[in-house]
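> curious how this folds, go ahead:
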Amino acid sequence: MRTPAPLRNVERRTSNVEPRHPLHAGCHYLSGWVRHRRHEPVEHRFGYRHALVGLDVDAGREDFERHPWFGWGRPAPVRFHRGDYLGPCTVSLREAVTRCVREQTGLACDGRIEILTQPRAWGFSFNPVSFYLCHDRAGRLMAIVAEITNTPWLERCSYALAVPEDHRSGDPLDFAFTKRFHISPFNPMRQEYRWRFIIRPQSIGVHMRNFTEGRLVFDATMVLARRPLSGGTLARLLRSSPLLSLQVALRIYLQARALWSKRAPFHPHPSTLVPAGASA
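Here you go, the predicted structure:
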């Protein structure tokens, strides 16, 4: 697979860059942009600024709660809430993620797990996709979990992707698999996903492509730069999080309206669904 131009920039700028901060730090701020392109049966595209927080599911709490308005499991304007993520909520997030990886790939995730997400802000939370970067005890990336939430149904589905043992850190990772979960009514269920990840100490790039009968019909790209969650980035997150979360949800409906006006084919919600919080 040829690397898309935005991800080639990630490769070029960070391939030989030594990290200015350790990846094992408990909390990071990632900012950049997202682009969506629909190629057929109607053409449509848009892009916007985007930001996520990277949290070590075990060690991130202390860093996250440095600001009095940030809470981990407790009420706060910006809050990491266990119920917003992979279930069941009766177990820790680490246990839920390791169980998902084991059931879908057979791998035992025994190292650090980092979640990339938008925390709940001012009581509102919506993440179209949260990523979990799962490592072994030696620090090698061994699996990526993509937890997808659709709207307005707010159902969840998780895809666990095993990283090849011979993968060199920082090299592109390519995955191909069948779609199993209804997200957009403007995309049919019978599709093939082809995803590429470029994960570096300073940046993360993701390129997702949807194919229908071998034809590229949709792609989405996310490119984010990583920095420590300092006092300045905490303040920036506090200002931007409420707007970002709401903007993501609003954009989905605004773009759906645009597609409807272009007479894009509508695909109703299928009758067989993965239960909320389940893996698929």
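
> every contact and neighbour count from this point should use C-alpha atoms.
OK.

> let me see the ranges of the helices in the stretch 1-150 of the chain.
5-14, 60-64, 93-105 (DSSP state H, counting those that start in this stretch).

> contacts for the longest one, please.
Yep, that's helix 93-105 we're talking about. 57-58, 82, 85-88, 107-110, 113, 132, 143, 145, 158-162, 279-280 (Cα atoms under 8 Å, 6 or more residues apart in numbering).

> run the last query once more with 6 Å
When contacts are defined by Cα atoms under 6 Å, 6 or more residues apart in numbering, helix 93-105 is touched by residues Ala108, Cys109, Ala160.

> please save the CA atoms from that helix in PDB.
C-alpha atoms of helix 93-105 as PDB (Å, rounded to 0.1, in the frame of the first residue of the first chain):
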ATOM      1  CA  LEU A  93     -10.200  -0.900  31.800                       C
ATOM      2  CA  ARG A  94      -6.900  -2.800  31.600                       C
ATOM      3  CA  GLU A  95      -8.700  -6.100  32.200                       C
ATOM      4  CA  ALA A  96     -11.300  -5.200  29.600                       C
ATOM      5  CA  VAL A  97      -8.700  -4.400  26.900                       C
ATOM      6  CA  THR A  98      -6.500  -7.400  27.600                       C
ATOM      7  CA  ARG A  99      -9.600  -9.600  27.400                       C
ATOM      8  CA  CYS A 100     -10.600  -8.100  24.100                       C
ATOM      9  CA  VAL A 101      -7.100  -8.600  22.700                       C
ATOM     10  CA  ARG A 102      -6.900 -12.200  24.000                       C
ATOM     11  CA  GLU A 103     -10.300 -13.100  22.600                       C
ATOM     12  CA  GLN A 104      -9.700 -11.600  19.100                       C
ATOM     13  CA  THR A 105      -6.000 -12.300  18.600                       C
END
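
> buried residues, it. List them.
Going by neighbour count (16 or more other Cα atoms under 10 Å), the buried part of helix 93-105 is Leu93, Arg94, Glu95, Ala96, Val97, Thr98, Arg99, Cys100, Val101, Gln104.

> one more: the second one?
Residues Gly60, Arg61, Asp63, Phe64 are the ones in helix 60-64 that count as buried (16+ other Cα under 10 Å).

> tell me the confidence at Ala59?
On the pLDDT scale, Ala59 is placed at 89.

> any idea how far it lies from Arg140?
18 Å (Cα to Cα, to the nearest Å).

> and for Asp56?
Asp56 is 15 Å from Arg140, by Cα to Cα.

> same drill for the two, tell me which one is more crowded.
Neighbours were counted for Asp56 and for Arg140 using other Cα atoms under 10 Å; Asp56 has more, 24 against 16.

> thank you kindly, that will do.
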